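Student: Need the 3D shape of this:
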Amino acid sequence: MFERNLPGAVAGEAEAIHQMRVAARRLRARIDLLHIAIHGSRARSLHNDLQWLGRSAGAVREFDVIGDLLRERAAAIDPPLSAAAQPLMDALARSRLTAHRKFVQDAAAPRYRRMCQRLATPLLRAAATATCVVEIAPAMLEPMVRKARKAARRVRADSAPERIHRLRIRLKRVRYALEILQEIGGRRTRRALRRLEELQELLGRHQDMVAAIGFLRTFASEGGAAGFPPAALIAAGSLIHDLALQRAKIAERVAKRSRQMTRKEILRDALREIVRMARAARRKKDAAALPLAEASGGDASETPTANDIVWDSNGAARSAENGADPAPQDFASPMKRTDESA
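Tutor: Modelled structure (predicted):
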């Protein structure tokens, strides 16, 4: 996606820039989910580089979204308002141009080329060859589900935009992880993905309005000194009022959907389904190992199985005591995350 969309993104095409941002997010989600298979320093480097590029493309994309949203709301409030808001749109275009120039510089930087080379040839750990993704999927997914459910329980209709944005980030991580693991899951996993996609649409719309309100407030506060006509400042005020009302309505819908998802245990059901699949995979591997142990004259109970492998927080494999079935580990990410990083 980077290679396919880079020429259009450099030329300033809105859709190509959007796809660059999406590619950075999805790649980062894969790096974070599967970091136990990647060398620690390389995983951190790729995470930081993808975050850097995503922010650069995201800055341009944000102005595109704000422009579309302001034109839509201006036409809905009062068609003549669109003419009065033209100085505002001109200021938005100038900000977008500045952000795009920064993106072009970043895309031409050695850091971008080095990142692409490292993504193509990741530095992998020496992991246990007998362990596959399905066996450790619950351990990778469980921390994300726990944090997402906690964030969903805390959201209310009158929650601050920052709290709603935190929910968006948490749910997005779970969604990307389930998309990667959906071949492992089944009906409950697909249901969770549908609900997450629906809620993400609302959360994305909410965040777009928060960003637009922030831009308008900056424009209004600086408009007098910049010499903008009064009509433009009145248009900005009208749009701020309208967007605030729309944002509140969406926040109420987000809170309602979040409560429903938590009450129906949709995310937990998906996790339980993947846990069952992981256990089935371990039993299948154990059954396959039994004839090999007997043929070699050994004791099958001494043959290492998937149940005997526990992954520590550094991504290394070690033996479980007494062959016990290890509970999913809450793997610590090798990179430091913040809510703003997504």
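Student: Got the domain ranges for this protein?
Tutor: With automatic domain parsing as the criterion, the domains of the chain are listed as 1-127, 129-292.
Student: Just say helix, strand or coil for residue 158.
Tutor: When classified by DSSP: H, G, I helix; E, B strand; the rest coil, residue 158 comes out as coil.
Student: Just the element for the residue lying closest to it once chain neighbours are set aside, please.
Tutor: Nearest residue to residue 158, sequence neighbours excluded (C-beta to C-beta, 6 or more residues apart in numbering): residue 251, at 7.5 Å. C-betas here are computed from N, CA, C, even on glycine. Taking DSSP states H and E as the criterion, residue 251 maps to helix 230-263.
Student: Buried ones in the very next helix or strand once past that helix, by neighbour count?
Tutor: Next along the chain after helix 230-263, taking DSSP H and E as the criterion, comes helix 266-295. Of all the residues in helix 266-295, those buried under the rule 16 or more other C-beta atoms under 10 Å are 266-268, 270-271, 273-275, 277-279, 281-282, 285-286, 289, 293.
Student: go on, stretch 148-164?
Tutor: 148, 149, 151, 152, 155, 159, 161, 164.
Student: Can you tell me the SS state at the third one?
Tutor: Yep, that's residue 151 we're talking about. Going by three-state DSSP: residue 151 is helix.
Student: surely it meets residue 164?
Tutor: No: with contact defined as C-beta atoms under 8 Å, residue 151 does not count as touching residue 164 (9.2 Å).
Student: all helices for the stretch 51-200 of the chain, in order.
Tutor: In the stretch 51-200 of the chain, the helices defined using DSSP state H, counting those that start in this stretch lie at 79-84, 86-107, 110-120, 133-154, 161-181, 187-226.
Student: tell me the contacts of residue 207?
Tutor: Going by C-beta atoms under 8 Å, 6 or more residues apart in numbering, residue 207 touches 161, 164, 165, 168.
Student: how much space is there between residue 116 and residue 41?
Tutor: Distance of residue 116 to residue 41, computed by C-beta to C-beta, to the nearest Å: 18 Å.
Student: Give me the below-cutoff pLDDT ranges for the stretch 151-300 of the chain.
Tutor: For the stretch 151-300 of the chain, applying pLDDT under 70 flags the ranges 223-226, 292-300.
Student: mind saving the C-alpha coords of stretch 5-19 as PDB?
Tutor: Taking C-alpha atoms only, stretch 5-19 is exported to PDB below (Å, rounded to 0.1, in the frame of the first residue of the first chain):
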ATOM      1  CA  ASN A   5      -0.100   5.100  -3.000                       C
ATOM      2  CA  LEU A   6       3.200   7.100  -2.500                       C
ATOM      3  CA  PRO A   7       3.200   8.800  -5.900                       C
ATOM      4  CA  GLY A   8      -0.400  10.000  -5.500                       C
ATOM      5  CA  ALA A   9       0.200  11.000  -1.900                       C
ATOM      6  CA  VAL A  10       3.200  13.100  -2.900                       C
ATOM      7  CA  ALA A  11       1.000  14.700  -5.600                       C
ATOM      8  CA  GLY A  12      -1.500  15.700  -2.900                       C
ATOM      9  CA  GLU A  13      -4.300  13.300  -3.700                       C
ATOM     10  CA  ALA A  14      -6.600  13.000  -0.700                       C
ATOM     11  CA  GLU A  15      -7.400   9.300  -1.100                       C
ATOM     12  CA  ALA A  16      -3.800   8.300  -1.600                       C
ATOM     13  CA  ILE A  17      -2.800  10.100   1.600                       C
ATOM     14  CA  HIS A  18      -5.700   8.400   3.400                       C
ATOM     15  CA  GLN A  19      -4.400   5.000   2.200                       C
END
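Student: buried stuff in that stretch?
Tutor: 5, 6, 9, 10, 12, 14, 16, 17, 18, 19.
Student: ok, now stretch 182-193?
Tutor: Residues of stretch 182-193 classed as buried: 184, 185, 188, 189, 191, 192, 193 (neighbour count, 16+ other C-beta under 10 Å).
Student: How about the contacts made by the second one?
Tutor: If you count contacts by C-beta under 8 Å, 6+ apart, residue 185 has them with 178, 270, 273, 274, 277.
Student: can we see that at 6 Å?
Tutor: Residue 185 makes contacts with 273, 274, as judged by C-beta atoms under 6 Å, 6 or more residues apart in numbering.
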